[in-house]
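K.L.:
Got a predicted structure plus its sequence, pasted below:
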Amino acid sequence: MGLMGSTTDEKEEAASSPMRTAETILRLVPMALCISALVLMLKNSQTNDFGSLSYSDLCAFRYLVHANGICAGYSLLSAVIVAMPRPSTMSKAWTFFFLDQVLTYIILAAAAVSVEVLYLARKGDTSITWSAVCVSFGGFCHKATASAIITFAVVACYILLSLLSSYKLFSRFSAPAISYPGKDIEIAGCQG
């Protein structure tokens, strides 16, 4: 009986090894993308006859830099944790599920607000007398656009990670049964 349990564990571990490798790579890809978007935005400044413009002049771009830095750090940490061959626990699965969801929305918000500012920089808004800045600072706008596009690629990676962590959580662990003592009511979770 003991041998059968160990062979099942060995088969499960052997099957999970390629999955663990794929998840580790999927967690490292957004780190590389975040760092490239972060460095591109950090070096983004332009000076000309009209003045100077830097990423730090706009709160949306500062948020983009911070969000990319946080996501890069989390991607590295989570890749290291996933790469270690340890059994999956419910608390680990819930933690990855929760943090993947939170960071997906953080990076999505950063990308969306950056695109909004870029739209205003390109088109301007005559009702509030905001002129189109990209006419004068084209290089700045091109680098900011590239950083926003890279950040949307990070969003796509985090969406995949969120789907993967939710699959790992909800396929391995069943929902707990909820009972109300004294009322003789028991509600079973979804059975998969």
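P.N.:
Okay, I see it.

K.L.:
the helices in the protein, which residues?
P.N.:
With helices called from DSSP state H, the chain shows them at 2-42, 59-83, 90-123, 138-172.

K.L.:
Tabulate the ones you listed in a markdown table, adding columns for mean neighbour count, distance to D49 and mean pLDDT.
P.N.:
Every C-beta, even on glycine, is put in place using the N, C-alpha and C of the backbone. Converted to a markdown table, the helices of the chain look like this (neighbours: other CB atoms under 10 Å; distance: least, CB to CB, whole Å; pLDDT from 0 to 100):
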| stretch | mean neighbour count | distance to D49 | mean pLDDT |
| --- | --- | --- | --- |
| helix 2-42 | 15 | 24 | 75 |
| helix 59-83 | 19 | 22 | 94 |
| helix 90-123 | 17 | 18 | 91 |
| helix 138-172 | 18 | 13 | 91 |
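
K.L.:
Minimum distance to L53: which of these has it?
P.N.:
helix 138-172 (5.2 Å; CB to CB).

K.L.:
helices or strands up against the closest one?
P.N.:
Here helix 138-172 touches helix 2-42, strand 45-48, helix 59-83, helix 90-123, going by 3 or more CB pairs under 8 Å, 6 or more residues apart in numbering; DSSP states H and E.

K.L.:
starting at the chain centroid, how far to that helix?
P.N.:
Offset of helix 138-172 from its chain centre (CA atoms, centre = their mean, to the nearest Å): 5 Å.

K.L.:
so that helix versus helix 90-123, what angle?
P.N.:
160 degrees (axes from the mean of the first three to the mean of the last three CA atoms, to 10 degrees).

K.L.:
Now do helix 138-172 and helix 59-83, the angle between them.
P.N.:
40 degrees.

K.L.:
circling back: out of the helices and strands packed on helix 138-172, the one nearest A153 is which?
P.N.:
helix 2-42 (5.4 Å).

K.L.:
Output the helices and strands packed on helix 138-172 as CSV; include the columns distance to F137.
P.N.:
Supplementary listing: the helices and strands packed on helix 138-172 in CSV, determined by distance: least, CB to CB, whole Å:
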stretch, distance to F137
helix 2-42, 14
strand 45-48, 5
helix 59-83, 13
helix 90-123, 8
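
K.L.:
Now A132, what are its backbone angles?
P.N.:
With angles defined as degrees, to the nearest 10, A132 sits at phi -70, psi 110.
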